[in-house]
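Novice: Could you work out the structure for the sequence below:
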Amino acid sequence: MNALAKRVVQVLRQVRGPETADAVFEATALIVGAGFLVIGFVVALPVFWGHELAISGSGSIGVFAAFGGAITAAIAFALGRFAVRPEQVDPGAVRDGFTVPGDRLRWYDLAAIAFAHAAIAYLGWLGIAELLERSFTDAPVFAFPGAVLVAVAFALTGYVCFLSAVALTPMVLSLVLAVFLVVGAFASMLASSDVHWWRDNLSALGMSSNSSSVAFNATLIIAGVMVTTIARYATAGLPADDPADRRGRFLVRGGLILLGIFLACVGLFPVDEFFLLHNTVATGMTVVFGVVMVGLPWLLPSIPKVFVGFGWAFVLVIILLAAFFAVGYYNLTAVELIAAVLIFSWIIVFLRTAGSIGAVPPARADEIGEALTAG
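Specialist: You can find the predicted model right below:
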């Protein structure tokens, strides 16, 4: 059995081509994608055989691709993280782009990130199927081409998610977070049983009486876990040469982690069941963001002044929005949506800024390639 496994590994390495960093990096992802292509076709063809399928809707190829794509995304992500896992863990070593000395991704971090990839794949393929359905009204899909389409969807999902996993950095995760929030929010809006939910506030999507509540609240909870993960690793490389720098870095990290906890609590405590608690944590998010912004030049003296001004401008815009709401010019939904966009835009830009001044360099492609080659 061991001899067979070694032979399979040797064949795979030959298929991957030259063991340079880029070749290993891309070719391994192609092999994973090809595997899911075969699996998708073999599974879909017997299921579709003898049927004329709709593009979207119940029992359609869109639903099949969405569910299968979600499973594929989770598995491909797990394979990618396993590929960069060293045989012997050195607690003081930088393993990949999402590991810093003395700290590593926890199981709940990986579970949340994998779930985000699966949710994006699921909702993304559902959306594409709905778009195609409206473009090809009443067009049937036969078994063989339907199986081919599903297989391609699986292959593309596996390829992209594997690459995302092996090249995972705080910046990549911030982009995954942004896409996840957008997809989750739009899915909740489309699934809402109250077409006029926007007349109340954004949290109306999470009410237990609303059919979109599960999607909306789950999106916020998972996003909150991802923000706490980003906070730990995004600040790990910031300069900490003296006690004042270390204290400032600790406070900024704590503020961002608190922001993520509050975000998760907004989903954990729906407004119709926990009115006071829900509003407290939702308001706390804005307060924490404002405090971090105002204190940033003193907490992190090395941060560029242009970025400080950028954050202060965001705070002023949020204050202006609150004033518009107070006088009745904007409703609460508009204020919440714009404030959320500003806050998460700032987080993404902060990651890039922190990475540019960080003391710990990001993982290089050759390090990842060596890890994959060793596996």
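
Novice: what ranges do the helices span in the chain?
Specialist: 2-16, 21-48, 61-83, 107-135, 143-166, 170-191, 213-234, 243-268, 275-299, 305-326, 332-357, 365-374 (DSSP state H).

Novice: Redo those helices as JSON lines? Include distance to W198 and mean pLDDT.
Specialist: Every C-beta, even on glycine, is put in place using the N, C-alpha and C of the backbone. Listed next are the helices of the chain as JSON lines, based on distance: least, Cβ to Cβ, whole Å; pLDDT from 0 to 100:
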{"stretch": "helix 2-16", "distance to W198": "51", "mean pLDDT": "51"}
{"stretch": "helix 21-48", "distance to W198": "38", "mean pLDDT": "81"}
{"stretch": "helix 61-83", "distance to W198": "26", "mean pLDDT": "88"}
{"stretch": "helix 107-135", "distance to W198": "20", "mean pLDDT": "82"}
{"stretch": "helix 143-166", "distance to W198": "32", "mean pLDDT": "89"}
{"stretch": "helix 170-191", "distance to W198": "8", "mean pLDDT": "79"}
{"stretch": "helix 213-234", "distance to W198": "13", "mean pLDDT": "80"}
{"stretch": "helix 243-268", "distance to W198": "17", "mean pLDDT": "84"}
{"stretch": "helix 275-299", "distance to W198": "16", "mean pLDDT": "84"}
{"stretch": "helix 305-326", "distance to W198": "14", "mean pLDDT": "84"}
{"stretch": "helix 332-357", "distance to W198": "5", "mean pLDDT": "77"}
{"stretch": "helix 365-374", "distance to W198": "44", "mean pLDDT": "50"}
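
Novice: Tell me which of those helices lies nearest to I55.
Specialist: I55 lies closest, by Cβ to Cβ, to one member of the helices of the chain: helix 107-135, at 4.3 Å.

Novice: Run the angle between that closest one and helix 61-83 for me.
Specialist: Orientation check (axes from the mean of the first three to the mean of the last three Cα atoms, to 10 degrees): helix 107-135 against helix 61-83 gives 150 degrees.

Novice: which residues touch stretch 274-294?
Specialist: For stretch 274-294, contacts defined as Cβ atoms under 8 Å, 6 or more residues apart in numbering pick out 203, 252, 255-256, 258-259, 262-263, 265-266, 269-271, 299, 311-312, 314-315, 318, 339, 343, 346.

Novice: Return it as PDB; C-alpha atoms alone will do.
Specialist: Taking Å, rounded to 0.1, in the frame of the first residue of the first chain, the C-alpha atoms of stretch 274-294 are listed here in PDB:
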ATOM      1  CA  PHE A 274     -32.800  40.900  22.000                       C
ATOM      2  CA  PHE A 275     -33.600  44.500  21.200                       C
ATOM      3  CA  LEU A 276     -31.400  46.200  23.800                       C
ATOM      4  CA  LEU A 277     -28.400  43.900  23.500                       C
ATOM      5  CA  HIS A 278     -28.600  44.000  19.700                       C
ATOM      6  CA  ASN A 279     -28.500  47.800  19.600                       C
ATOM      7  CA  THR A 280     -25.800  47.900  22.200                       C
ATOM      8  CA  VAL A 281     -23.400  45.700  20.200                       C
ATOM      9  CA  ALA A 282     -24.300  47.400  16.900                       C
ATOM     10  CA  THR A 283     -23.600  50.800  18.400                       C
ATOM     11  CA  GLY A 284     -20.500  49.500  20.100                       C
ATOM     12  CA  MET A 285     -19.000  48.600  16.600                       C
ATOM     13  CA  THR A 286     -19.200  52.200  15.500                       C
ATOM     14  CA  VAL A 287     -17.800  53.500  18.800                       C
ATOM     15  CA  VAL A 288     -14.900  51.100  18.700                       C
ATOM     16  CA  PHE A 289     -14.100  52.000  15.100                       C
ATOM     17  CA  GLY A 290     -14.200  55.700  16.000                       C
ATOM     18  CA  VAL A 291     -11.900  55.300  19.000                       C
ATOM     19  CA  VAL A 292      -9.400  53.300  17.000                       C
ATOM     20  CA  MET A 293      -9.400  55.900  14.200                       C
ATOM     21  CA  VAL A 294      -9.000  58.900  16.500                       C
END
